[in-house]
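Engineer: below are the sequence and a predicted model for it; my questions follow.
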Amino acid sequence: MSFDDVIQEINLTEVRERIQSATGRDVERALSAEQPGLEHAPALFSEAAVPFLEEIARRSAALTRQRFGRVIYLYIPLYISNECVNNCPYCGFAKGLDVKRVTLTPNKVMREAVFLHSQGFRHLLLVSGEHPAHVSIDYLRKIIASLDTLFDSISIEIQPITREEYLILSEAGVDGLTLYQETYDPELYKFYHRSGPKSRYDMRLMAIEAGGEAELRTLGIGALLGLGDWRFEAVMLAHHGRYLMRRFWRSRLAVSFPRIRTQSGGFQPKFSVTDRDLIQMICGMRLLFPDAELVVSTREAPSLRDNLIGLGITRMSAGSRTSPGGYLIRTESHGGQFEVEDRRTPEEVCHAICAKGFEPVWKDFDRQFCVKDA
Ligand code: SF4
């Protein structure tokens, strides 16, 4: 049973009502549970939880320290192509935008990768728009096989592909998958994704499951914050996370919290997500998923990112560029996916992590210790 089937059985109107009608008593009940579950999610993400935010944050910080210690894992995105067959209005890679398109040659990918390796990164996230003709499985397989010699962990954020294709990339060296559903509200999803393969809400949900079936080590999910009501998205994200954890118990769940940023299309989010909302979402998620990776990228400003260290986040990017060739070619004409807010160098981010009493960790995984069933 796919999560698409599960979602059909969830009464989405009731979910919204439970968030809206949650009371302080419901939040207290969630906080007194030994392990808060999905039944507590509407209260934890509700307006009624705001007066309890300090307590929620304190518990989130304690849980994170207990499960992960005083460390922040670092990763870096490497954009390989801004070609895309979809037209998402919130993205700088949208098909209809007049930006210079480029797909890096394997040699150029390697040059960027060597530079990132020299900065200390050992966990790479390969990112591309969704264009199978430009970013084919064969192209990906070849570049991943050469990157595998440099990086201990390689994740991908590309177009949805099949289980068999994930297996090919896994064989080449991929161990993690990031695939945001963007919004869990089927009607809003339809509104934002009117054409192209991404218009299929169900196919997107099923693609992350294909990655689970291929036994990828990390499955990363997220909603693009600003497309819909964040409180609803947070509850649905929790449902999705619980489903993935139960079905793919060998994989680690990672949850990201991307807020919409300025991009060349000029899209303005209809729903506001304040810093306080983001903190409530991250800390509430930690209470529901004590062992999940919680990820924050350079979409957020330095001061907020620094304040999130120790609260619940376990993984951060640093020094990111969001256009293909962005590290060495440094040309904005290639069109970035969005503008980053934290423009500090990896070294500066490391100093900020240390200043908080945490240790930046470049490597947390070695494939040699990963044993799969024959
Ligand atoms: S969000 Fe993804 S699918 Fe949509 S336009 Fe951007 S790169 Fe393409």
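Structural biologist: That came in fine, so what should we check first? Numbering: from 1, shown residues only.

Engineer: what packs against the lengthiest helix in the chain?
Structural biologist: Longest helix of the chain, by residue count under DSSP state H: helix 230-247. Where contact means 3 or more CB pairs under 8 Å, 6 or more residues apart in numbering; DSSP states H and E, helix 230-247 is packed against helix 3-9, helix 12-21, helix 41-44, helix 201-213, strand 218-222, strand 252-256, helix 275-288. Backbone N, C-alpha and C define where each C-beta goes, glycine included.

Engineer: residue in the stretch 101-250 of the chain nearest to the ligand?
Structural biologist: In the stretch 101-250 of the chain, the residue that lies nearest the ligand is G129 (3.8 Å; CB to the nearest ligand atom).

Engineer: number of residues surrounding that residue?
Structural biologist: 27 (other CB atoms under 10 Å).

Engineer: swap in D98?
Structural biologist: 7.

Engineer: quick check: residues of the stretch 101-250 of the chain near the ligand?
Structural biologist: Neighbours of the ligand within the stretch 101-250 of the chain, by CB under 6 Å from any ligand atom: G129, E130, K198.

Engineer: which residues of this protein fall in strands?
Structural biologist: Listed in chain order, the strands of the chain (DSSP state E) span 71-81, 123-128, 153-157, 174-178, 218-222, 252-256, 293-296, 315-317, 359-361.

Engineer: does the first one reach the ligand?
Structural biologist: To tie it back to what came earlier, the one meant is strand 71-81. No: remark: strand 71-81 sits outside contact range of the ligand, by CB under 6 Å from any ligand atom, the gap being at least 9.1 Å.

Engineer: so that strand versus strand 174-178, what angle?
Structural biologist: 90 degrees (axes from the mean of the first three to the mean of the last three CA atoms, to 10 degrees).

Engineer: who does strand 71-81 touch, helix- and strand-wise?
Structural biologist: helix 106-118, strand 123-128, strand 153-157, strand 315-317, helix 346-355, strand 359-361.

Engineer: again, but for the third one
Structural biologist: Identification of packing neighbours for strand 153-157 by 3+ CB pairs under 8 Å, 6+ apart yields strand 71-81, strand 123-128, helix 137-147, strand 174-178, strand 218-222.

Engineer: re earlier: what's next to the longest helix of the chain, contact-wise?
Structural biologist: Here helix 230-247 makes contact (CB atoms under 8 Å, 6 or more residues apart in numbering) with 3, 6-7, 10, 12, 15-16, 19, 38, 41-42, 45-47, 181, 183-185, 205, 208-209, 212, 219, 221-223, 225, 227, 251, 253, 255, 271, 273, 277, 281, 284-285, 288-289, 292.

Engineer: could you rerun that using 6 Å?
Structural biologist: 3, 6, 15-16, 19, 38, 41-42, 45, 184, 219, 221, 223, 253, 273, 277, 281, 288-289 (CB atoms under 6 Å, 6 or more residues apart in numbering).

Engineer: out of these, which are buried?
Structural biologist: 3, 15-16, 19, 41-42, 45, 184, 219, 221, 223, 253, 273, 277, 281, 288-289 (16 or more other CB atoms under 10 Å).

Engineer: grab the nearest non-local neighbour of the most centrally placed residue in the chain.
Structural biologist: For the chain, S256 is the residue whose C-alpha lies nearest the centre (CA atoms, centre = their mean; 3.5 Å). Spatial nearest neighbour of S256, chain neighbours left out: G222 (3.7 Å); criterion: CB to CB, 6 or more residues apart in numbering.
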